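Undergrad: Below: sequence and its predicted model.
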Amino acid sequence: MTTHKLLIADDEPNILISLEFLMKREGYEVVLARDGQEALDAIERDKPDLVLLDVMMPVKTGFDVCHEVRNSETMRDTLILMLTAKGRDTDIAKGMALGANAYMTKPFSTKELVQKVQAMLGNQP
Amino acid sequence: MSGQQKTDRRLWWLLGMAGLVSVAWLGATIGLVGSTLDDESRATVWRLLGEQSVLLLLTWGAGMGAIAWALKRWFDHWVTPSVQLAEEAQVVLKTDVVRNLPLKGNVETQALAGLFNQLVAQREELRSEMDAKVNLAAEGIEQEKSRLAALMSELTQSVVVCNLDGRVLLYNNRARMQFRALSQAPGVAGGAELIGLGRSIYGVFDQRLVAHALDSIRQRLLRGAAQPSAQFVTTTPSGQLLRVQMAPVRAATTQASDADRELTGFVLMLDNITREFEAESAKDQVLLSLTEGSRAALANMQAAIDMLDFPDLEPAMRERFLGVVRDEIRSLSQRITALESGSADSVKSRWPLEDMLGSDLVNAAIKRIEVTARVPASAVDVDSSLWLKVESFSLLQALSYLTARLSEEFSVKFVQLRLGLAQGSAGKAQLDLIWSGQVMSTETVMSWEMDVIKVGAETTRITVRDVIERHGGAFWFERERTRHQAFFRFLLPLANPQEQAEATAALQPTDSRPEYYDFDLFKTTELTHALDDRLLSELTYTVFDTETTGLNPSQGDEIIQIGAARIVNNKLLKQECFEQLVDPRRSIPAATIPIHGISPDMVQGQPTIDQVLPAFHAFAQDTVLVAHNAAFDMRFLQLKEQQTGMVFDHPVLDTLLLSAVLHPSQDSHRLEALSERFNVPIVGRHTAMGDAMVTAEVFVKLIPLLAEKGILTLGQAREAAQKTYYARLKY
């Protein structure tokens, strides 16, 4: 049984530090990206099983990343959980339309996040 | 009467006929008698007749005299009175003369004259009834007009009325101020180039936009809409955002049903929503920053705190998570502080604060305090130059309420109001309500501030604090121990500095500039020909004057001031004027300063001619230029053509030449002489505006005098002036 690999893409170090700690503690292998382009490169290179993707990032937004992933031959199957401070209905609709598998608005409970990630990956770390 | 009267010619004809008939009758009788006699008797009779011929002639003459007398009597009685009556009736019929025709002659003619008199009386009665009705209607219209004018001038919304061609027929003062703000060259023409009677509104709005709005109104009219109006928002060339509401003006016919009444024009109501829009955007920004920004920070803290719960956390890691929480709390606090100061302005703008002269507010407050709080009040140390931005009604209520409480609870007998610039708070004024007497506690002040305002029977739902918050101001209580006085102080926002009307110094009259002949005023362009057949009384004129550094435009002298006024429909529109100082970018010769009164420091920082001429060109568009000694001013404008790209090819009239046309034998056609001749008072001689005004008033008086000489059209005036021009050239 292989360990699931997670990519956490967020430009705020204050959230990265917590999420990295949390996910590692849950037994996942964790890769970090600090902007949209880094995230895309990491998805291409590291082939993570799931991406925790922030919407508001420099260079490329989470929406852009999501869009490109879904339109790419090699990356299209990557699971994407969007994490964002944009909480309006229209934003959620846009994220889902662009191909996110799930959507969580900030602030969120870390417990729910873990449950969500586990559910998406079929309960296997 | 009959002695001077000419005898009817028909009477002489009849008399002649009677003479002929009687002679013929006599001849025939004699012939008949003669034919019955033999030759001898006939000779005897001839002899006898010959001897008695004198007697015969006499009896015939007497007979004729009798006939003449009888005829004359007959004519006098039966014919002449009706002829006279006809003549006199003619006068009454064809002119405004009202008189009773004399009853003369035979009974029938007298009856006729009586009937005529009755008809005339009836006509006069009808006429006076009609006059009364017309006067009444005119009065009504005048009243309607003044009501409309009052209504429009009081409106805080800009209103412009246009005909279907987009020409401005009517506008209010607010609109003028609005257009001043819209002007791309605010320092130059102050919007005067954009609005004016007879101007096209399409200088401000895209014609298609207006046409589209008109179309939609027409469609709504066809559908039978009761109050069809259209709205659009547009940006102006100066980047301002305008909300425009359009309502139709329809033909005023009473017969046609509402739907059939034709569109004759439209009313535009304008709101400059640039600031509102900016405020809204700023508010959105605040909201966004509050929601999205805080969400992220909260997420970061939440996650970090969740991590802190894990028992297996190493001390170093724990410290890092605590660091995250502290960091986020700090950034949240900073954001909220920034929001607070940034949103203070937008909170303010929600209340309709209006510009008001501070001394007006103080006077209003004194009246209100005396009436509602029944306490004598007076003003002390009021800085009358301060303009406040206030919601005056609630502020007056607050002042009156505080005074009433002072009077009731502390037996204060009178109060004073003081107004000055706030010390230590930029952009604010301090308004003090001063009294002398008992000392009050801070708690009392606090409770007064928080209580609902009540004055006499009037109760409101607001507190003094609400009033202060509306103004984004402050309120406190202070004691002046040295004077044994105490006061409440209001800090209130100041309005933007008002443009101070530049006082024009009174000038010593000096000699006029020499007449200029070196420029051909009479060159013709398409534009000048197009208006040649128009009546002088119908044209729109821009009457202007320039002040210059000297008299030689081609040797480097420059314009330092332009003043212009407009004449529409034979009326000088004093409020539609153009007045601008110009930085000549050269020195102003000291010798000329006493003449025009413009010193170098006055033109410093003023726009240059490159900026001013386009605005003046726009102001003068579609009009005939008029100036006194126009060649001089035109020469200066001409020399700037290349530099500014502004070609002044308007038709030009020169009051100096027109005066010479009218009064060729007068010695002087200087502006002073003309103002004296036409009794036009001179105000501010040798300021561009002053001279332009005098020229304009003279010009208005010249038009009817020219018409008396048969000079009715622009073409005729130019032709006549041209002749004079060449006549004057010979000397």
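TA: Yep, that arrived. Numbers count the residues shown, from 1 in each chain, chains lettered A, B, ... in the order given.

Undergrad: C-alpha only now, for contacts and for neighbours.
TA: OK.

Undergrad: Make sure B:Leu361 is indeed in a helix.
TA: Yes. Secondary structure assignment (DSSP: H, G, I helix; E, B strand; the rest coil) places B:Leu361 inside a helix.

Undergrad: what's the closest non-adjacent residue to B:Leu674?
TA: Nearest in space to B:Leu674, with sequence neighbours left out and distances taken as CA to CA, 6 or more residues apart in numbering or on different chains, is B:Val698 at 7.0 Å.

Undergrad: So that neighbour: helix, strand or coil?
TA: Of the three states, B:Val698 takes helix according to three-state DSSP.

Undergrad: thought it was touching B:Glu672?
TA: No. The criterion here is CA atoms under 8 Å, and B:Val698 misses it with B:Glu672 at 10.6 Å.

Undergrad: Which one of those two is surrounded by more residues?
TA: B:Val698 (22 against 19; other CA atoms under 10 Å in any protein chain shown).

Undergrad: Contacts only, for the more buried one.
TA: Contact partners of B:Val698, counting by CA atoms under 8 Å, 6 or more residues apart in numbering or on different chains, are B:655, B:674-675, B:678, B:680.

Undergrad: Which residues does stretch B:144-155 contact?
TA: Outside of stretch B:144-155, the residues that reach it under the criterion CA under 8 Å, 6+ apart are B:159, B:171-174.

Undergrad: Neighbours of B:Phe310, how many?
TA: Applying other CA under 10 Å, we find 12 residues neighbouring B:Phe310.

Undergrad: burial count for residue 22?
TA: In the absence of a named chain, chain A is used. By other CA under 10 Å, neighbour count at A:Leu22 equals 22.

Undergrad: please go with chain B instead
TA: If we define neighbours as other CA under 10 Å, then B:Ser22 has 15 of them.

Undergrad: Pull up the gap between it and chain A, please.
TA: In this view, B:Ser22 and chain A are 128 Å apart by CA to the nearest CA, to the nearest Å.

Undergrad: Give me the buried positions along the helix or strand hosting that residue.
TA: Taking DSSP states H and E as the definition, B:Ser22 sits inside helix B:9-35. Buried residues in helix B:9-35, defined by neighbour count with 16 or more other CA atoms under 10 Å in any protein chain shown: B:11, B:15, B:18-19, B:34.

Undergrad: Closest one to B:Asp131 out of the contacts of stretch B:144-155, please.
TA: B:Tyr171 (32.1 Å; CA to CA).

Undergrad: OK, contacts around the closest one?
TA: B:152, B:158-161, B:197.

Undergrad: among the contacts of B:Val698, which ones are buried?
TA: The neighbour count (16+ other CA under 10 Å) marks B:655, B:674-675, B:680 as buried among the contacts of B:Val698.

Undergrad: Distance-wise, check the most centrally placed residue in chain A relative to B:Arg127.
TA: Residue closest to the mean C-alpha point of chain A, counted by CA atoms, centre = their mean, is A:Leu52 at 1.6 Å. According to CA to CA, to the nearest Å, A:Leu52 stands 96 Å off from B:Arg127.

Undergrad: try B:Ala398
TA: Shown here: B:Ala398 relative to B:Arg127, a distance of 62 Å by CA to CA.

Undergrad: okay, the two: which has more neighbours?
TA: Legend: neighbour count by other CA under 10 Å for B:Ala398 and B:Arg127, higher for B:Ala398 (26 against 12).

Undergrad: For the more buried one, give me its contacts.
TA: When contacts are counted by CA under 8 Å, 6+ apart, B:Ala398 is found next to B:453, B:463-464, B:467.

Undergrad: I'd like those residues written out as JSON lines, with distance to B:Pro651 and pLDDT added.
TA: As requested, those are exported to JSON lines (distance: CA to CA, whole Å; pLDDT from 0 to 100):
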{"residue": "B:Ile453", "distance to B:Pro651": "65", "pLDDT": "85"}
{"residue": "B:Thr463", "distance to B:Pro651": "64", "pLDDT": "86"}
{"residue": "B:Val464", "distance to B:Pro651": "63", "pLDDT": "89"}
{"residue": "B:Val467", "distance to B:Pro651": "59", "pLDDT": "85"}
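
Undergrad: Which one of these is nearest to chain A?
TA: The closest of the contacts of B:Ala398 to chain A turns out to be B:Val467 (CA to the nearest CA; 36.1 Å).

Undergrad: Where does the prediction get shaky in chain A?
TA: For chain A, residues meeting the criterion pLDDT under 70 lie at A:1-2, A:87-90, A:123-125.

Undergrad: from it, which residue is nearest to chain B?
TA: Counting by CA to the nearest CA, chain A gets nearest chain B through A:Pro107, at 3.8 Å.

Undergrad: check contacts around the nearest residue to that residue once chain neighbours are set aside.
TA: For A:Pro107, ignoring the flanking residues on the chain, the nearest one in space by CA to CA, 6+ apart is B:Ala299 at 3.8 Å. Shown here is B:Ala299, whose contacts under the criterion CA under 8 Å, 6+ apart are A:15, A:106-108.

Undergrad: From these, which land in strands?
TA: Secondary structure assignment by DSSP state E places none of the contacts of B:Ala299 in strands.

Undergrad: Neighbour count and distance to B:Ala282 added to the residues you listed, as JSON lines?
TA: Converted to JSON lines, the contacts of B:Ala299 look like this (neighbours: other CA atoms under 10 Å in any protein chain shown; distance: CA to CA, whole Å):
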{"residue": "A:Ile15", "neighbour count": "23", "distance to B:Ala282": "29"}
{"residue": "A:Lys106", "neighbour count": "22", "distance to B:Ala282": "24"}
{"residue": "A:Pro107", "neighbour count": "20", "distance to B:Ala282": "25"}
{"residue": "A:Phe108", "neighbour count": "19", "distance to B:Ala282": "28"}
